[in-house]
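Engineer: Have a look at this prediction, sequence included:
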Amino acid sequence: STKYIYNIYITPIRIENNLLFCKSKKKRRIMGNKQSKANDSTKNESKKTKETTKVKKESPEKVANVSSEKVTETTTAPASSTNSNNEITVPNHLHRYIIGTKGSTIKEIREKTGSNIDLEGDLVKVSGGDEAKCIELIKETIKPHLDKIDLENAKSLTFTIPTQGTQHVVGAGGSTIKDLQKSYKCKIELDDTKVTIKAATTEACEKAKRAVMDELASHGWFLVKGSWTEKLPYEEEFAAVRKEISDMSDKIHQLGDNSQKAFKSGDGAKAKELSTEMKELVKKRDDLNNKMHEDIFTFLNKDRPSDEIDLHGLHVDFALEKVKQTLENHKNKTVKLIVGAGNHSDKGGAKIKPRVISYLKEQKLSYQQINNGTLQVN
């Protein structure tokens, strides 16, 4: 029931005339029951010896060989603890979960497996006992905490939101901010209207910021030229084009009415001329309208990945075509659709959202509503 473990320590004393003089000390550690420990420790205390070893004068090559053998003898014993098969990478900030309160967790794992556990940097090294089981228990221990970030070494990004937007970012009972932190593996801190995002990389911070902006947009808030507004972000950008299209529509109605009047008065030639002019203007208007929607779509999505599209304020039919194209281009992948909540629609309410949901149901595609204006299609 008693195990003896020997540790040999070699201490260099001096080098003289190509001779290496060193002192060696052998220590024995006893593992077993308390009685065995007491008896054996008493017996072995008197047997401790110090010996000075003098290497006989030989050629420098032979001396080097002797020294090499001595060093090898003392350093090869623990080599298995650094074997790549017996170590796993665990970020340093997660080591505290392996250790547990007052070392309780690591102690429990050691008792269950009989293994030694060393934590170094971002590595966890395991030696002795049931190493495979030990590594498995460590993985299970840190699994619930893998989404936690290293706040001390995290990247950060700060921006402001409107006062009315704070409640939307937090959500009922903190539900929204918790979901954002979990989805984007970040920490979001709110100080009045100041938002600070901390994540492992700058890119992760930017993605989380965009998610916060989308959340606010779903409640009708947009950042336009550095200021928060309840206007759609492209309204000023495309105001002139929209007016031109509106004027064309008025002219089309006028040409249609005049054509009908000419026809009723018996002037068929004039009626045909006005009808032809009207058809040409309809085509011109539709082409300009399609181009505007393409430009708006590009404007809204210029900084987004291709599997994430913003459809705010677009014509329903145009928006639905973009949804179909995106789903086709990302088959068997998750796609994020920002359909809007209808905050800028007329009294009839949202137009794009119900149409898109209807299409997803027709295609038997599974989806979930992330917030009031965003759908995630799986």
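Structural biologist: Okay, I see it.

Engineer: contacts, neighbours, all on C-alpha from now
Structural biologist: OK.

Engineer: next structured bit after the lowest-mean-pLDDT helix or strand in the chain?
Structural biologist: Every helix and strand of the chain was ranked by mean pLDDT, DSSP states H and E. The lowest is helix 60-75, at a mean of 38. Per DSSP states H and E, the first helix or strand lying C-terminal to helix 60-75 is strand 87-89.

Engineer: Next, Leu375: secondary structure please.
Structural biologist: strand (DSSP: H, G, I helix; E, B strand; the rest coil).

Engineer: State the mean pLDDT of whichever helix in the chain runs longest.
Structural biologist: Looking across the chain with DSSP state H, the single longest helix is helix 268-301. Taken as a whole, helix 268-301 carries a mean pLDDT of 93.

Engineer: by contact count, what packs against that helix?
Structural biologist: The helices and strands touching helix 268-301, judged by 3 or more CA pairs under 8 Å, 6 or more residues apart in numbering; DSSP states H and E, are helix 239-264, strand 308-310.

Engineer: How far away from the center of its chain is whatever helix or strand comes next after the shortest one?
Structural biologist: The element immediately downstream of strand 308-310 (helix or strand, assigned by DSSP H and E) is helix 316-329. Counting by CA atoms, centre = their mean, to the nearest Å, helix 316-329 is centred 27 Å from the centre of its parent chain.

Engineer: For this protein, give me the ranges with low pLDDT.
Structural biologist: 1-18, 20-85, 342-349 (pLDDT under 70).

Engineer: could you redo the last one with a cut-off of 50?
Structural biologist: 1-6, 26-83 (pLDDT under 50).

Engineer: any idea which element Lys336 lies in?
Structural biologist: Counting by DSSP H and E, Lys336 is part of strand 335-338.

Engineer: Whatever helix or strand comes next after that strand packs against which elements?
Structural biologist: Following strand 335-338 in sequence order, the next helix or strand is helix 352-362 (DSSP H and E). Identification of packing neighbours for helix 352-362 by 3+ CA pairs under 8 Å, 6+ apart yields helix 316-329.

Engineer: which parts of the helix it packs on are buried?
Structural biologist: 316, 319-320, 322-323, 326-327 (16 or more other CA atoms under 10 Å).

Engineer: Distance to Asp286 added to the residues you listed, as CSV?
Structural biologist: Formatted as CSV, these follow (distance: CA to CA, whole Å):
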residue, distance to Asp286
Val316, 15
Ala319, 16
Leu320, 17
Lys322, 17
Val323, 21
Thr326, 23
Leu327, 26
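
Engineer: Out of those residues, give me the two with the largest separation.
Structural biologist: Greatest spacing in the buried residues of helix 316-329, by CA to CA: Val316 and Leu327 (16.6 Å).

Engineer: Please name the residues that touch the nearest residue to Lys133 once chain neighbours are set aside.
Structural biologist: Closest residue to Lys133 apart from its sequence neighbours, by CA to CA, 6 or more residues apart in numbering: Thr113 at 6.6 Å. Counting by CA atoms under 8 Å, 6 or more residues apart in numbering, Thr113 makes contact with 129-131, 133-134.

Engineer: Please produce a ChimeraX select command covering the buried subset of those.
Structural biologist: Of those, the buried ones go into a single ChimeraX selection, burial set by 16+ other CA under 10 Å:
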select :131,134
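
Engineer: All set now, cheers.
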